[in-house]
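*Asks:* A predicted structure for the sequence below; I have some questions about it.
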2 protein chains.
Amino acid sequence: MSDNSFHPPLRTLMGPGPSDVPSRILEALGWPTIGHLDPAFVGLMDEIKSLLQYAFQTESQLTMPISAPGSAGMEACFVNLVEPGDKVIVCQNGVFGGRMKENVERCGGQAVMVMDDWGKPVDPGKVGDALKANSNAKLVAFVHAETSTGAQSDAKTLVELAHKHNCLAIVDAVTSLGGTELRVDEWGIDAVYSGTQKCLSCVPGISPVSFSERAQHRIANRGHRVQSWFLDMNLIMAYWGGDAKRAYHHTAPVNAMYALHESLLMLREEGLENAWQRHYRNHLALRAGLEAMGLTFIVDEAARLPQLNAVTIPAGADDAEVRTRLLEEHHLEIGAGLGELAGKVWRIGLMGYASRVENITRCLGALDAVLSDMGAGINSGAALPAAEQVLSGS
Amino acid sequence: MSDNSFHPPLRTLMGPGPSDVPSRILEALGWPTIGHLDPAFVGLMDEIKSLLQYAFQTESQLTMPISAPGSAGMEACFVNLVEPGDKVIVCQNGVFGGRMKENVERCGGQAVMVMDDWGKPVDPGKVGDALKANSNAKLVAFVHAETSTGAQSDAKTLVELAHKHNCLAIVDAVTSLGGTELRVDEWGIDAVYSGTQKCLSCVPGISPVSFSERAQHRIANRGHRVQSWFLDMNLIMAYWGGDAKRAYHHTAPVNAMYALHESLLMLREEGLENAWQRHYRNHLALRAGLEAMGLTFIVDEAARLPQLNAVTIPAGADDAEVRTRLLEEHHLEIGAGLGELAGKVWRIGLMGYASRVENITRCLGALDAVLSDMGAGINSGAALPAAEQVLSGS
């Protein structure tokens, strides 16, 4: 055990999250702590709520950050909306659909799985069939942006389908919020959760959530108590609700809220549509470079997430060795494959503050250098000019 | 909604937590974020584990921070150890025993309540009677240091009682860890949870926990799956466990871990026993001042927590007005009463970094000034000399 303070190594974070946190947000994080019931903090909570409504594009009053990571945000949606015996259509096309199934079952619900290949979007046709075959289903749950594969599903169509069959829709927007189009009210999403450490470029540990009026009605009229005290929205509402008098629920992670506020402010300053466009433009440049190098995307173009680029590991490249060399020599983190894609793909994130021109050239340059040196069969030297061509618009 | 960054007001935090966070910890918090699977971060996790073992005085390998506040740490202990139908002896002498009951019931367990007056310690005699009357009980749960009243219970005796009747013991050490004697292995505690924002003087949002071998055995041999995916220790163990290869579970709150590491390092530098003594010495001085002023403690001396001083609000003092004036004029936060003590007591914390001589004189001076000005019947001018007498050892 060391006797010393920890000083993190320098890294550029281009994995599946956390993404690079700008110094402005780190500075906010380090402001002196105040009490969680201080009037100044209560004012900050109101601002965060309002900024989150903007980010989610919702007017729902039940919009707030859960004081724990995205997996707790997922759990918050399921424990509040699933009751024992409820049938839930769960769409799985990667790791996180599988985690949804776990959640449904641990709530005493029955998960009806709709499976799609990893790297494919959720197929609305299959979901429609499942809904027809399970007319007593209460919920449809799916991942908007699958962090494990880089595939984007058509949230609008899937939510419409759910509603047509009298189901509520739970949507995982961990990797989509702030990086790609997401319109919670317009699309009618009933419960949505995200994470701070992806396209918001905030520190990890907090999960923004939002619930529609339909969802709130269902939560308020449950037959069974919510099995989690910590995540019971009936209690959290009294703390984050609109009343002047807040009921103490738990001690909020005060400093993480400073940082979240700052990250949401940066998003509003840029403008949500501008942020989506920036993610897309930078993706096109990275894509041009990766493809010129000879790497191939695992997701079809139409369903490709701009903020998470999953490419096949080329023959002749040792997965772990490449990532270690990128980290140690180039101070660059890219993501390994997860689940059944482990050892087969790399996941290159261009999320939030990490989605910058200098990161594209940096990543392409480092990959080219390491892969060429290892003798992997790539077109060395082709990546940077191809990316530059896209960036310059020529 | 403001367009501006949030800048917190200056505060001295002498409530029931969060306590003042020293700049050394805030600085660590703001270091650049790295990935949660980065080898450097995995090394940091090992150090945190080892430092937490020191703070808890345990050698248990299942010692780690839960990535959420103390109430989630509480829930982690209950959801992992309570199975549907289990009978649990729950001791309640304040707010947090009531929350334990909520947890037991939401796990499908049956809570057998042992009630003591608010401000009194848990009575081992009553617990013994409850254990005799409920020979099939599986667990005893109690709060070591009741944050809502400032009463300390005899953890060693209560754990012995539990074991004598073949029960495991769950102990809430949210306010005791680092501030008052706590010896997890020596006392045989089976599950313990705490918070970072009390006597560790770290930012709020993280909950250190530890489980004994007996508890680990029970968790590994459950008949029902743990109802929470996020808090399932079987899964968390694979992420925080001793293996070189960590299984991804959730994205750790990386920056909060920097801060926790630094706060634990500061505790080890000071020495655990020295920290306990500092809390006690400063309490004696604050007590002398408060009593000289004419305020009375609600907890008998033998059970009084040095880090949390609950005193009766004097006649002629308006609770909310006093606290507001302390906050606005003196930038000083003290705590209101909670639950059935709301409006009746103030809770003055001397926790962690906030337990310093300058805070004693500051708090006594501000209280004297505000109460005198309001015409509350106190002995104005008596507090500071009385405290000084204790501090100078004369």
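*Replies:* It's in. Residues are numbered from 1 along each chain as shown, chains lettered A, B, ... in the order given.

*Asks:* excluding chain neighbours, what is closest to residue A:232?
*Replies:* Closest residue in space to residue A:232, ignoring its immediate chain neighbours: residue A:226 at 4.1 Å, by Cβ to Cβ, 6 or more residues apart in numbering or on different chains. For the C-beta atoms, the positions are set from N, CA and C on the backbone; glycine is no exception.

*Asks:* quick one: contacts for that neighbour?
*Replies:* Going by Cβ atoms under 8 Å, 6 or more residues apart in numbering or on different chains, residue A:226 touches A:79-80, A:219, A:232-234, B:106.

*Asks:* then residue A:367?
*Replies:* By Cβ under 8 Å, 6+ apart, the residues touching residue A:367 are A:290, A:293, A:322, A:326, A:383.

*Asks:* host element of it?
*Replies:* helix A:357-374 (DSSP states H and E).

*Asks:* can you put the contacts of residue A:367 in JSON lines and add neighbour count and secondary structure?
*Replies:* Converted to JSON lines, the contacts of residue A:367 look like this (neighbours: other Cβ atoms under 10 Å in any protein chain shown; DSSP: H, G, I helix; E, B strand; the rest coil):
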{"residue": "A:290", "neighbour count": "24", "secondary structure": "helix"}
{"residue": "A:293", "neighbour count": "24", "secondary structure": "helix"}
{"residue": "A:322", "neighbour count": "22", "secondary structure": "helix"}
{"residue": "A:326", "neighbour count": "22", "secondary structure": "helix"}
{"residue": "A:383", "neighbour count": "27", "secondary structure": "helix"}
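
*Asks:* looking at the residues you listed, which is nearest chain B?
*Replies:* Nearest to chain B among these: residue A:326, at 11.7 Å, using Cβ to the nearest Cβ.

*Asks:* can you pull the residues of the stretch 51-200 of chain A lying near chain B?
*Replies:* Neighbours of chain B within the stretch 51-200 of chain A, by Cβ under 8 Å from any Cβ of the partner chain: A:51, A:67-72, A:75, A:99, A:102-103, A:105-107, A:195, A:197.

*Asks:* neighbour-wise, which of the residues you listed leads?
*Replies:* Neighbour counts for those peak at residue A:197, which has 34 neighbours (criterion: other Cβ atoms under 10 Å in any protein chain shown).

*Asks:* and that residue, how far from residue A:49?
*Replies:* Relative to residue A:49, residue A:197 is positioned 20 Å away (criterion: Cβ to Cβ, to the nearest Å).

*Asks:* output the lowest-mean-pLDDT helix or strand in chain A as CSV, nothing but the C-alphas.
*Replies:* None of the helices or strands of chain A scores lower by mean pLDDT, DSSP states H and E than helix A:233-240, at a mean of 87. Provided in CSV are the C-alpha atoms of helix A:233-240 (Å, rounded to 0.1, in the frame of the first residue of the first chain):
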residue,chain,number,x,y,z
MET,A,233,-39.5,7.5,-6.9
ASN,A,234,-42.4,8.2,-4.6
LEU,A,235,-39.8,9.2,-2.0
ILE,A,236,-37.3,10.8,-4.3
MET,A,237,-40.1,13.0,-5.8
ALA,A,238,-40.5,14.5,-2.3
TYR,A,239,-36.9,15.5,-2.3
TRP,A,240,-36.5,16.6,-5.9
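
*Asks:* show me what it is packed up against.
*Replies:* strand A:63-66, helix A:213-220 (3 or more Cβ pairs under 8 Å, 6 or more residues apart in numbering or on different chains; DSSP states H and E).

*Asks:* that older thread, mind picking the two most distant members of the residues of the stretch 51-200 of chain A next to chain B?
*Replies:* The span of those, defined through Cβ to Cβ, is set by A:51 and A:105 at 34.7 Å.

*Asks:* is stretch A:311-321 in proximity to chain B?
*Replies:* No - Stretch A:311-321 stays clear of chain B (Cβ under 8 Å from any Cβ), getting no nearer than 11.1 Å.

*Asks:* first to last residue in that stretch, what's the distance?
*Replies:* End-to-end span of stretch A:311-321 (Cα to Cα, to the nearest Å): 16 Å.
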